[in-house]
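Peer 1: structure of the sequence below:
(chains A and B)
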Amino acid sequence: MRCPIETPETAEVLLAYGAGKLDAESRAALAQHMEVCDACREFARGHQAVWKALDAWEVPAVSADFNRRLYQRIDQEVSWWDALLRPFRPLFVRQGLPVAAAVALVVGAGALIMHPGGGPIPPAPVSAEVDVVAPDQAEHALQEMEMMREFNRLIHTDTTDPKM
Amino acid sequence: MPDRVRTDVGGAAVALDYDAELMLRVKEGDGASFGTLLEKHRTSVVHFLDRMVQNHAVAEELAQEVFLRVYRSRATYEPTAKFTTWLFRIATHLALNSLRDGKNERLQEHLDDDRSEMPVRQVSDARPTVEDYMVYEARLDEVRKAVAMLPQKQRAAVLMHKYEEMEYSQIAKVLNCSESAVKSLLFRAYEALRSRLAHMA
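Peer 2: Coordinates of the predicted model:
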C-alpha cells in the first residue's frame, strides 16, 4: 500500500479510518500499512482523538418558538401584498383571474394611450403614482394568502399561542 | 411527480427526490410541504450555524433567514442539485457573511461567558458531580476554540463532514470548489485540530 499521508487527496483514507467509515478490506490494508508507518499511525490515532472530542460538542436545542417566529416573518411579507391587493380582493374571489386580467389590460391600455409610440415613459409625479398589478402578481399574492391560511392552521396544531 | 425530479435508487437519491418534490409542491403553493421541509432540516441547519458562529441566538437568526430565503425562492426553484446542497449553500453563505461582518466579535465574549444555555449532558451513570461538569466544560471549551481558530472555509467543511456526514462531492458543491480542494481543506483542518486536541485522547 502506498503511504496515504503523502498527499491530502490520498489522506482521505486516513480520514475515513478515523471516522470509522472505511470498508473492511481497506481498513485491513491500512492497519497492515500502519504497522510499519509511524506517520500514518500517529495521524490515525490523533484523528480518532479529534473525532471523539468533536463528538462531545453538543449545542443547545432549537428554540420552541422558532417556527412561530419564522411564520410571523413570512406573514409580515405576505401582509404587504395582502394590503396592496385588498381593494381588488372581492373581484378576484368572485370573478377570478379573467377579471384580474381585464383590469390589468385596461390599466395597460390606458398607459399605452397616454404614452403612444412605445418610447420611454417619463416618471409620473409622486402624487399621481399608481401601482399596476399584473395578473400573475395578483395570482401569486392570492397563493401567498392561501399558504398563510395553511401555515396558520399548522401553527394552531403546533402551539397553543392564541396569536397564531 | 414532475419529470425534472431524478428518480435514481439509493438512499441519497431518494432523499433528493423527496425534498425536491416537497420544494416543488411549495412552488405550487403547498404551505404544508414547506412545513415538512422546515421540520426535517431545521435542527441540522441551526446546529450547523451554531457551530459555525458559536452563538446560539445569532445562529437561530441566521437559520430564520435561511428558511425565509428558501420560501422566497420557491417561485424560481429548480431541482438542479440536491435540496440539502442548496440549503447548506445558503446557510454557509450567511454564516460566512455574518463572520465577516464582525458579528463573530461576540464569539470570543461568548466563549468566555458562562454556559448557562448549554444542554445538560446526559450520562448513563449517577448524576454528574460539579467536578465532572467542570471537566466537561473545559474540554468543550477547548474544542470550540480549536474549531473557531480554523479558517472559515475549513471550519464549514469540517462541520459538514463531521456532523452532517456529507460526502466530499456535496461539500464541494456547497463550498463551490473541487472535490480535491475539499479533501485538502479537510486534511489541513483535521491536522490543525489534531495538533490542538490530540492531548484530549
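Peer 1: CA atoms for contacts and neighbours, from now on please.
Peer 2: Noted.
Peer 1: if you count neighbours, what's buried in stretch B:28-37?
Peer 2: Neighbour counts over stretch B:28-37 (16 or more other C-alpha atoms under 10 Å in any protein chain shown) mark B:G29, B:D30, B:G31, B:A32, B:S33, B:F34, B:G35, B:L37 as buried.
Peer 1: near chain A at all, that stretch?
Peer 2: Yes - residues of stretch B:28-37 contacting chain A under C-alpha under 8 Å from any C-alpha of the partner chain: B:G29, B:D30, B:G31, B:A32, B:G35.
Peer 1: quick check: next helix or strand after the longest helix along chain B?
Peer 2: Ordering each helix of chain B by length in residues (DSSP state H) puts helix B:31-53 first. Per DSSP states H and E, the first helix or strand lying C-terminal to helix B:31-53 is helix B:56-72.
Peer 1: and that next one with helix B:31-53, angle?
Peer 2: On the basis of axes from the mean of the first three to the mean of the last three C-alpha atoms, to 10 degrees, helix B:56-72 is oriented at 140 degrees to helix B:31-53.
Peer 1: output helix B:56-72 as CSV, restricted to C-alpha atoms.
Peer 2: Presented in CSV, the C-alpha positions along helix B:56-72 are these (Å, rounded to 0.1, in the frame of the first residue of the first chain):
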residue,chain,number,x,y,z
HIS,B,56,-26.9,30.3,19.6
ALA,B,57,-29.0,33.5,19.2
VAL,B,58,-27.1,34.6,16.1
ALA,B,59,-27.4,31.0,14.7
GLU,B,60,-31.2,31.0,15.1
GLU,B,61,-31.5,34.4,13.5
LEU,B,62,-29.4,33.2,10.6
ALA,B,63,-31.4,30.0,10.3
GLN,B,64,-34.6,32.0,10.1
GLU,B,65,-33.1,33.9,7.3
VAL,B,66,-32.1,30.6,5.5
PHE,B,67,-35.7,29.3,5.6
LEU,B,68,-37.0,32.7,4.7
ARG,B,69,-34.8,32.7,1.6
VAL,B,70,-35.9,29.2,0.7
TYR,B,71,-39.5,30.4,1.0
ARG,B,72,-38.9,33.5,-1.1
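Peer 1: pull out the buried residues from that helix.
Peer 2: B:56, B:58-60, B:62-68, B:70-71.
Peer 1: just stretch A:32-44 next, same as before
Peer 2: A:H33, A:M34, A:C40, A:R41, A:F43, A:A44.
Peer 1: can you check stretch B:136-151 too?
Peer 2: Applying 16+ other C-alpha under 10 Å to stretch B:136-151 flags B:E137, B:R139, B:L140, B:D141, B:E142, B:V143, B:R144, B:K145, B:A146, B:V147, B:A148, B:L150 as buried.
Peer 1: I'd like the average pLDDT over stretch B:33-42.
Peer 2: For stretch B:33-42, the mean per-residue pLDDT is 96.
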